[in-house]
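> below is the structure, and that's it, no one-letter string:
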């Protein structure tokens with residue numbers, strides 16, 4: 001890897017992970033700086049391109065760096081040759097074209113309604129307006145170099161291809177996309193071609209048309225006299241939706257909105273952008289689009305039959321319902337409308353998989369009968385009794401008889417005494433040996449009891465179904481949480497709408513101040529008393545209605561409340577419409593909780609299978625040793 005330095009300061013820059021690669025260069029993360037990235041050219045740029053990059057870095061402003069991947073600084077190698085540049089790093093942005101069609105929009109911007117789409121179009125126009133105000137031209141206008149943030153703001157990329165100005169010198173844009181190129185430049189070579197904001201205005205209008213008309217290209221229509229490419233239609237000014245479309249032999253595709261669906265102002269701007277005289281500088285500027293799109297967003301209303309639809313009031317009826325009825329395609333939909341049913345279905349499928357796992361059954365009883373012990377219990381007990389009584393007594397009797405016989409034969413008492421002592425010693429020795437055997441048998445019983453007790457506890461612990469039942473109970477409770485979570489999601493959205501309605505009403509009532517009430521209805525002293533309690537406007541009366549009777553005389557209090565109610569009746573508040581960002585925040589929170597519950601069910605099913613297998617394996621593994629331990633324990637008891 002080459003050694004790179006900042007041109008401005010000479011400080012070294014160390015590249016990290018490669019983030020992306022194109023035909024011209026690759027983008028790398030920077031070690032020690034998570035806010036900027038480096039674009040490194042695969043081939044060292046030409047002298048002109050290097051000068052252009054240096055000029056762009058010099059002209060960078062804080063606003064440019066917020067709106068576009070504008071060069072922050074130029075990177076040079078050991079020979080001071082330009083190899084790339086630094087630019088701002090962006091994340092959580094999506095390509096603009098993902099917002100066009102219903103399918104991609106549902107996947108990438110699931111919360112986006114038409115209000116959000118219009119706001120993105122307005123922000124796009126604002127970005128173009130600022131670029132033009134700085135003396136630059138985008139040139140290579142296309143939806144591939146515009147990214148959309150979750151809040152609807154725009155960020156432009158591939159800025160090193162822009163046409164830029166450094167004092168009097170102009171560095172042209174040498175590339176372009178025909179589908180966004182105006183008629184007067186169609187078929188011309190882009191290298192060295194000077195562009196103007198009026199050329200950009202054509203591409204901007206195409207982008208806005210894409211957004212408003214659900215991904216349709218303004219020149220993609222049905223040609224009545226054969227085949228017609230979009231590039232040729234652009235070159236020949238065959239605007240498929242315009243007033244001259246019939247003359248040019250073009251018809252708008254079926255299932256599309258008419259040009260005036262968003263009001264006459266928007267329709268006139270599109271006519272100006274795409275008609276035959278636009279090459280003379282008559283295309284709408286970005287500033288004109290900003291005003292028109294702001295008005296369009298302000299005039300949007302919510303569909304009563306399908307609240308997810310926001311349509312222009314100028315249309316009269318919901319244009320989206322009409323299109324959906326004709327095409328049978330859902331154009332807009334929020335996760336609020338689609339996810340709960342999907343979540344329930346997925347939860348039911350997971351729960352079905354859980355209930356299909358067989359129950360291991362109760363723990364089998366431990367062994368209660370020993371297997372064959374070798375000798376019969378009665379024989380063992382008789383043997384133990386014989387050891388304790390018969391042997392010592394028989395031996396003592398035999399010795400006494402023998403001693404007596406010897407004593408009588410010898411006729412001597414001395415001999416009798418000696419023999420008696422020997423008999424007593426023999427009896428003692430026999431008892432000692434018998435006691436040792438009994439102690440050994442007691443020790444064997446202790447060991448067998450401990451082994452049996454430990455294995456029995458393990459059997460009841462590892463082979464029981466209690467753990468299986470407890471996990472199944474927790475999973476059942478998790479499944480029951482989902483419907484409640486969906487109810488809370490809907491409640492949170494409704495509370496958000498109510499909050500907007502309350503704010504709108506309060507803002508309206510705040511415009512009516514109590515100091516405007518004539519003195520014959522509210523004296524100066526009464527006004528001062530109300531002000532001391534924080535009541536300045538009708539909105540404050542709305543919040544503190546219960547306090548008013550205690551602050552004023554009954555008649556004055558009733559007059560003040562009547563004044564407040566009069567203004568409240570005149571309020572025709574807008575439909576409560578939370579922004580896409582606010583809805584997204586609520587949706588993201590509940591999405592996380594729903595996915596967490598689904599994850600618990602999914603992982604719980606796997607854990608339940610493992611628990612079932614572990615229980616059966618433990619029973620198979622421990623049954624033999626448990627029986628053996630019980631047999632040993634039973635033998636040891638009998639041996640006592």
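That came in fine, so what should we check first? Keep in mind it's a predicted model, so treat the numbers as computed, not measured. Numbering: from 1, shown residues only.
> how far does the longest strand belonging to the chain sit from its chain's centre?
Criterion DSSP state E: the longest strand present in the chain is strand 33-41. Centroid separation for strand 33-41 versus its chain: 27 Å, with CA atoms, centre = their mean, to the nearest Å.
> which SSE is immediately downstream of that strand?
helix 47-58 (DSSP states H and E).
> now do the buried residues in that following helix.
The neighbour-count check on helix 47-58 (16 or more other CB atoms under 10 Å) flags 49-50, 52-57 as buried. C-beta coordinates here come from the backbone N, C-alpha and C atoms, glycine included.
> cool, stretch 307-317 as well?
307-312, 314-315.
> residue 346: which of these is nearest?
Comparing those against residue 346 with CB to CB places residue 308 closest, at 21.8 Å.
> hmm, that closest one is touching residue 114, no?
No - the criterion here is CB atoms under 8 Å, and residue 308 misses it with residue 114 at 9.3 Å.
> and residue 85, bridged to which residues?
Taking DSSP bridges as the rule, residue 85 bridges to residue 39, residue 74.
> for the protein, longest helix please?
Using DSSP state H to define each element, the chain has its longest helix at helix 580-638.
> low-confidence ranges, the stretch 451-600 of the chain, go.
Filtered on pLDDT under 70, the stretch 451-600 of the chain yields the residue ranges 572-581.
> same thing but at 90, please
Within the stretch 451-600 of the chain, the stretches with pLDDT under 90 are 452, 460, 478-512, 514-535, 538-539, 541-599.
> what ranges does it have for its strands?
With DSSP state E, counting those that start in this stretch, there are no strands along the stretch 451-600 of the chain.
> so which residues of it form helices?
466-509, 524-532, 538-543, 548-551, 554-569, 580-638 (DSSP state H, counting those that start in this stretch).
> ranking those by burial, who's on top?
Highest mean neighbour count among the helices of the stretch 451-600 of the chain (mean count of other CB atoms under 10 Å): helix 538-543, with a mean of 20.
> related to what we said a few turns ago, can you tell me which of the buried residues of stretch 307-317 are in strands?
Using DSSP E, the buried residues of stretch 307-317 in strands are 310-312.
> residue 86: which of these is nearest?
residue 310 (40.3 Å).
> and the nearest residue to residue 271 once chain neighbours are set aside, how close does it get to residue 543?
Distance criterion CB to CB, 6 or more residues apart in numbering; nearest residue to residue 271, sequence neighbours excluded, is residue 242 at 5.6 Å. From residue 242 across to residue 543, the span is 53 Å (CB to CB, to the nearest Å).
> try residue 523
23 Å.
> re earlier: between the ones in strands among the buried residues of stretch 307-317, which is closest to residue 234?
residue 312 (27.0 Å).
> beta partners for the closest one?
Applying DSSP bridges, one finds that residue 312 bridges with residue 300.
> quick one: it from residue 331, how far?
Distance, residue 312 to residue 331, by CB to CB: 14 Å.
> cool, and residue 368?
Applying CB to CB, the value for residue 368 to residue 331 is 72 Å.
> more neighbours: the two, which one.
residue 331 (20 against 6; other CB atoms under 10 Å).
> give the residues shared as contacts by residue 308 and residue 114.
Shared contacts of residue 308 and residue 114, defined by CB atoms under 8 Å, 6 or more residues apart in numbering, comprise residue 332.
> give the rounded mean pLDDT of stretch 11-28.
The average pLDDT for stretch 11-28 rounds to 87.
> now the end-to-end length of it.
The straight-line separation of the ends of stretch 11-28 (CA to CA, to the nearest Å) is 17 Å.
> gap between the two ends of stretch 176-183?
One end of stretch 176-183 sits 13 Å from the other (CA to CA).
> contacts for it?
With CB under 8 Å, 6+ apart, stretch 176-183 has contacts from 139-142, 144, 185-186, 190, 198-199, 202-203, 206-207, 217, 230-231, 234-237, 276, 278-279, 283.
> measure the nearest residue in space to residue 11 that is not next to it in sequence to residue 86 for me?
Taking CB to CB, 6+ apart, and ignoring the residues beside it in sequence, residue 11 has residue 5 as its nearest neighbour in space, at 6.5 Å. Counting by CB to CB, the gap between residue 5 and residue 86 amounts to 11 Å.
> neighbour count for those two, which is higher?
Each of residue 5 and residue 86 has its neighbours counted (other CB under 10 Å); residue 86 has more, 23 against 18.
> looks to me like residue 87 is in a strand.
Yes - assessed by DSSP: H, G, I helix; E, B strand; the rest coil, residue 87 belongs to a strand.
> what is the neighbour count of the closest residue to it other than its chain neighbours?
For residue 87, ignoring the flanking residues on the chain, the nearest one in space by CB to CB, 6+ apart is residue 69 at 4.3 Å. Residues lying near residue 69 (other CB under 10 Å) number 24.
> need the contact list for residue 69.
87-88, 90, 155-159.
> swap the cut-off to 6 Å and go again
By CB atoms under 6 Å, 6 or more residues apart in numbering, the contact set of residue 69 is 87, 157, 159.
> for residue 224, same thing?
With CB under 6 Å, 6+ apart, residue 224 has these contacts: residue 249.
> report pLDDT for it.
The model reports residue 224 with a pLDDT of 83.
> and it, how far from residue 138?
Counting by CB to CB, the separation of residue 224 from residue 138 is 34 Å.
> repeat for residue 499
Counting by CB to CB, the gap from residue 499 to residue 138 is 39 Å.
> and the residue nearest to residue 11, helix, strand or coil?
strand.
> does it touch residue 73 like I think?
No - if you go by CB atoms under 6 Å, residue 5 and residue 73 don't touch, sitting 9.7 Å apart.
> now stretch 513-527: buried residues?
Buried residues in stretch 513-527, counted by 16+ other CB under 10 Å: 514, 517, 522, 526-527.
> helix, strand or coil: sort out residue 438 for me.
helix.
> ok, it to residue 447 distance?
According to CB to CB, residue 438 and residue 447 sit 15 Å apart.
> distance from the chain centre to stretch 513-532, please.
53 Å.
> quote the end-to-end distance of it.
Per CA to CA, stretch 513-532 runs 15 Å from first to last residue.
> what's the first helix or strand after the helix or strand containing residue 233?
Using DSSP H and E, residue 233 falls within helix 230-235. Later in the chain than helix 230-235, the nearest helix or strand by DSSP H and E is strand 250-251.
> so what touches the next helix or strand after that next one?
Helices and strands here follow DSSP H and E; after strand 250-251, the next one along the chain is helix 264-274. Contacts with helix 264-274, where a contact means CB under 6 Å, 6+ apart, come from 205, 218, 239, 242, 259-260, 282-284, 292.
> state the mean pLDDT of helix 264-274.
pLDDT averaged over helix 264-274 gives 93.
> got a markdown table for the ones in strands among the buried residues of stretch 307-317, with distance to residue 149 too?
Putting those into a markdown table (distance: CB to CB, whole Å) gives the following:
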| residue | distance to residue 149 |
| --- | --- |
| 310 | 20 |
| 311 | 25 |
| 312 | 25 |
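> name the nearest of those residues relative to residue 80.
Residue 80 has its nearest neighbour among those in residue 310, at 55.3 Å by CB to CB.
> got a PyMOL select line for the buried ones in the contacts of stretch 176-183?
Per 16+ other CB under 10 Å, the buried members of the contacts of stretch 176-183 correspond to this PyMOL selection:
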select buried, resi 139+140+141+142+185+190+198+199+202+203+206+207+217+230+234+235+236+237+278+279+283
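> next step: the contacts of stretch 176-183 restricted to helices.
Filtering the contacts of stretch 176-183 for helices - DSSP H - leaves 198-199, 202-203, 206-207, 230-231, 234-235.
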